[in-house]
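Asks: Just a sequence and a predicted model for now, questions to come.
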Amino acid sequence: MFTFVCYNIHMKNLYYATFERGVAPVIKNIIKKIDKTAIIKKIYDDAVIFVAGEIFKSCYDPFKTIYQVLDSVKKTGMGAINVQLKHFLERKDLKIYFPKEVFSFKLEYKSESQVAKPDDALRRAVETRLKQLTKRSISFNSQNAELVFLTKNDGECLFMKKIFKNAEMAIFDEKNSYSSDVIYTLCHLSEPATNETILDPFAEKGRVSYIRSLCFKKAKVIANEKNSEFLPELKKKAKRLKEKQFSVLNYDFLDEKFPIHFIDKVISIIPSFDADGYFSSNNFYKEFFNKLYGLKVKVIALMLPKYETIDSFISEKFEIETTLSLSKCNLIKLKYRG
C-alpha cells in the first residue's frame, strides 16, 4: 500500500483536477505555465494529479474542478473505499480548515467503477471525525465547502477538499456557451505574452476577450463585434476589469473599413454562419484567412465546429501547430508562414 503524506512541505500541495476530454495533450504545459516548479504525477483522459504551489488554491481556474488532496492510498477492488476510510481514521496529523463564513460542508463518496458503498460503521466514524476536525456540520445543501472520497479504477484513492472557482471567472459563465476552462485552453494555445495586441474579431458577448484579459495579464485585448446588440454586454465586461486593457470595437472584421492594421495574435470562436449572415462557410474562410495573412498575424487560436476543415484555406499561409479534438468542437493553433 502506497501513501502520499509529504506533499505539503515547502508550501507544495497535491492536487487532483478534471478537464475537458481532449485537452490532455496540453494540460502539462498549462500547469507549468502557472507554476514552473509543478510536478505532474499522473495524467488521465480527463483528469490530472500534480504537485504544485499555493497559487492553485486561488488562480483563475483552467480546470472544470480542482481539489487539494489531503490523503491518498493505493487500493483496487470493491473494498478500496473501506481501506481508504480506515487509513483516514488512522491519520493523527490531518488538519482541515474552512473559512469563518462556512458553517457546513458537503461530503461525497465517489467511485469510477461502481457506486461507492462504504461500510456503515466506518462511514459513521469518519463523519464524526470530520465534524471534530472541521468544527462544522455536514449538509448535502452546502454550496461553498465540499470534501470528497474518490476511488479511481487504477487504484488511486483520494480524500480531497474542493477548491471553488474564483468569482471573477464564474460570474459570466453561461449555461448554453462553452465553459470557461475550454476558453482558457483556447487562450493558452495563443502563447500568451506581455505587451502584445490580441484581437477577437467575432467577440459576441466577449467571453474569450474577458478570460484572456483576466487570466493573462499585460496585453492589449480588443473585442470586436459587428452586431450592435452585443455591445452593452461587451462594455459591461470591459468595465469590470480593473486594468484598462480590454477595448471594444463595433465593425465587420472582414470589411475593408476595419480600422486596426497591426495585430500580434487572434483568438476567437468561429461564428455561426447562418446567425451572422455570412454567405457561406467557404467564402467566409477564404476572406478570413486572406485577411489574417495580409495583416501578418503571427499566432491564431480558433475554436471551430467539430467537423469543419480549413486546410485548403490556409495552404501556404499558415501551418497547423496544434489540434485538440473536444466533444463538441476543435481547438486549433496556427502560425504564420511568412
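Replies: Good, I have the coordinates. Numbers count the residues shown, from 1 in each chain.
Asks: close enough to count as contact, Asp264 and Lys298?
Replies: Yes. Asp264 lies in contact with Lys298 (CB atoms under 8 Å); the separation is 5.7 Å. (Each C-beta comes from the backbone N, C-alpha and C, glycine too.)
Asks: Low-confidence ranges, the chain, go.
Replies: Flagging of the chain using pLDDT under 70 yields the residue ranges 1-11, 60, 167, 169-176, 242-244, 273-279.
Asks: and the helix or strand encompassing Phe288, which residues are buried?
Replies: Per DSSP states H and E: Phe288 is located in helix 281-294. Across helix 281-294, burial judged by 16 or more other CB atoms under 10 Å covers Ser281, Phe284, Tyr285, Glu287, Phe288, Phe289, Lys291, Leu292, Tyr293.
Asks: and which of those is nearest Ile320?
Replies: Proximity of the buried residues of helix 281-294 to Ile320 (CB to CB) peaks at Phe289, which lies at 12.0 Å.
Asks: Once you drop chain neighbours, what's closest to Ile183?
Replies: Distances taken as CB to CB, 6 or more residues apart in numbering place Ile211 nearest to Ile183, at 4.9 Å, with adjacent residues excluded.
Asks: Quick check: which element contains that neighbour?
Replies: helix 207-215.
Asks: How much space separates the residue of the chain positioned farthest from its centre from Phe88?
Replies: Centroid-distance maximum for the chain: Ala121 at 38.2 Å, with CA atoms, centre = their mean. Look at Ala121 and Phe88: by CB to CB, to the nearest Å, they are 14 Å apart.
Asks: Measure how far the lengthiest strand in the chain is from the centre of its chain, please.
Replies: For the chain, the longest strand by residue count, based on DSSP state E, is strand 65-74. Relative to the chain's own centre, strand 65-74 is displaced by 19 Å; criterion: CA atoms, centre = their mean, to the nearest Å.
Asks: Heading C-terminal from it, find the next helix or strand.
Replies: Using DSSP H and E, the first helix or strand after strand 65-74 is helix 80-90.
Asks: What angle do strand 65-74 and that following helix make with each other?
Replies: Following axes from the mean of the first three to the mean of the last three CA atoms, to 10 degrees, one obtains 90 degrees for the angle between helix 80-90 and strand 65-74.
Asks: in helix 80-90, what counts as buried?
Replies: Buried residues in helix 80-90, defined by neighbour count with 16+ other CB under 10 Å: Ala80, Ile81, Asn82, Val83, Gln84, Leu85, His87, Phe88.
Asks: tell me how far that helix is from the chain's mean position?
Replies: Per CA atoms, centre = their mean, the displacement of helix 80-90 from the mean C-alpha position of its chain is 31 Å.
Asks: again, but for stretch 56-66
Replies: On CA atoms, centre = their mean, the centre of stretch 56-66 falls 7 Å from that of its chain.
Asks: List the contacts of Lys296.
Replies: Shown in contact with Lys296 (CB atoms under 8 Å, 6 or more residues apart in numbering): Tyr336, Gly338.
Asks: err, Cys59, not the other one
Replies: Counted by CB under 8 Å, 6+ apart, Cys59 has contacts Ile34, Asn166.
Asks: again, only using 10 Å
Replies: Ile34, Asp35, Ala52, Gly53, Ile66, Ile163, Asn166, Met169, Cys215 (CB atoms under 10 Å, 6 or more residues apart in numbering).
Asks: secondary structure class for it?
Replies: Here Cys59 is recorded as coil under DSSP: H, G, I helix; E, B strand; the rest coil.
Asks: Please report how far it lies from Leu331.
Replies: In terms of CB to CB, Cys59 sits 21 Å off from Leu331.
Asks: rewinding a little: give the other helices and strands that the helix or strand containing the residue farthest from the centre of the chain contacts.
Replies: Using DSSP H and E, the element containing Ala121 is helix 120-134. Applying 3 or more CB pairs under 10 Å, 6 or more residues apart in numbering; DSSP states H and E, one finds that helix 120-134 contacts helix 80-90, strand 104-111, strand 137-138, strand 146-151, strand 156-163.
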